[in-house]
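Visitor: Pasted the sequence and its predicted model underneath.
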Amino acid sequence: MSTTKWALDPTHSEIGFKIKHLMITNVSGSFGKFDINAETEGDDFTKGKINFTADIDSINTGNEQRDGHLKSPDFFDAANHPQLSFAATSFEKKSDDEYALNGNLTIREVTKPVTLAVDFGGIAKDPWGNTKAGFSLTGKINRSDFGLTWNSVVESGGVLVSEDVKLHAEVQLVKQ
């Protein structure tokens, strides 16, 4: 079977996260600049190679001061670690449209295995004749596993920022 290359459709894709603040509400953020490349056997993603990168400087939580803090050495240290990356190791079918995407996530030069739940939306042609594949992904990581350990104890005795970070993405890929 022939190899098919897929590229990101950035206008129909988003990569985001949520983290508890004061342990009572979630703060959301996203990466504005990211890339995904995939190679599959035909249209079968279970036998493919999938790689993802995001530019740390493109982080956006809707608050410039918080974004600056996230880019600082307290968190991502964008000056020394400008990207995070994910390299898939397997894409396992669980049911008709549910998959598990396993791979290695690297943040601040620390690499850990991660599993993301994937809802495969399918493959379709757009009005301009492009073949696209759509995916919704969710997962969770512990930020301290990647050296993102900054925190502050608050008056109530709790912490300012949760260890758990919820990941979510909507991705469209275009067949090349």
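Guide: Sure thing, it's come through. Numbers count the residues shown, from 1 in each chain.

Visitor: Low-confidence stretches in this structure?
Guide: Counting by pLDDT under 70, the chain contains low-confidence residues at 1, 157.

Visitor: if you set the cut-off to 80 instead, what comes out?
Guide: Judged against pLDDT under 80, the low-scoring parts of the chain cover residues 1, 152-160.

Visitor: quick one: the helices in it?
Guide: Counting by DSSP state H, the chain forms helices over residues 64-71, given from the N-terminal end onward.

Visitor: Got phi/psi on the residue nearest to D74 when sequence neighbours are not counted?
Guide: If you skip the residues right next to it in sequence, D74 has W150 as its closest partner in space, 4.0 Å away by C-beta to C-beta, 6 or more residues apart in numbering. Any C-beta I mention is one placed from the backbone N, CA and C, and that applies to glycine too. Per-residue torsions, W150: phi -60, psi 140 (degrees, to the nearest 10).

Visitor: so what's W150 up against?
Guide: For W150, the contacting residues are D74, F75, V161, taking C-beta atoms under 8 Å, 6 or more residues apart in numbering as the criterion.

Visitor: now swap in F76 and tell me
Guide: With contact set as C-beta under 8 Å, 6+ apart, F76 has these partners: I56, I59, L70, L84, I107, R108, L148.

Visitor: Out of the contacts of W150, flag the one nearest to T3.
Guide: When the contacts of W150 are ranked by distance to T3 (C-beta to C-beta), F75 comes first, at 37.8 Å.

Visitor: Look up how far L105 lies from the closest residue to that closest one other than its chain neighbours.
Guide: Once its chain neighbours are removed from consideration, F75 has its nearest residue in L148; the separation is 5.3 Å (C-beta to C-beta, 6+ apart). According to C-beta to C-beta, to the nearest Å, L148 stands 12 Å off from L105.

Visitor: give me phi/psi at the residue of the chain most remote from its centre?
Guide: For the chain, the C-alpha lying farthest from the average C-alpha position belongs to E155; by C-alpha atoms, centre = their mean, that distance is 32.8 Å. The phi/psi pair for E155 (degrees, to the nearest 10) reads phi -50, psi -40.

Visitor: could you measure it against E170, distance?
Guide: Taken as C-beta to C-beta, the span from E155 to E170 is 38 Å.

Visitor: go on, F91?
Guide: Separation of F91 from E170 (C-beta to C-beta): 17 Å.

Visitor: repeat for F17
Guide: Distance, F17 to E170, using C-beta to C-beta: 13 Å.

Visitor: same check, this time on Q176
Guide: Relative to E170, Q176 is positioned 20 Å away (criterion: C-beta to C-beta).

Visitor: And those two? Which one has more around it.
Guide: In this view Q176 and E170 are compared by other C-beta atoms under 10 Å, and E170 has more residues nearby, 15 against 12.
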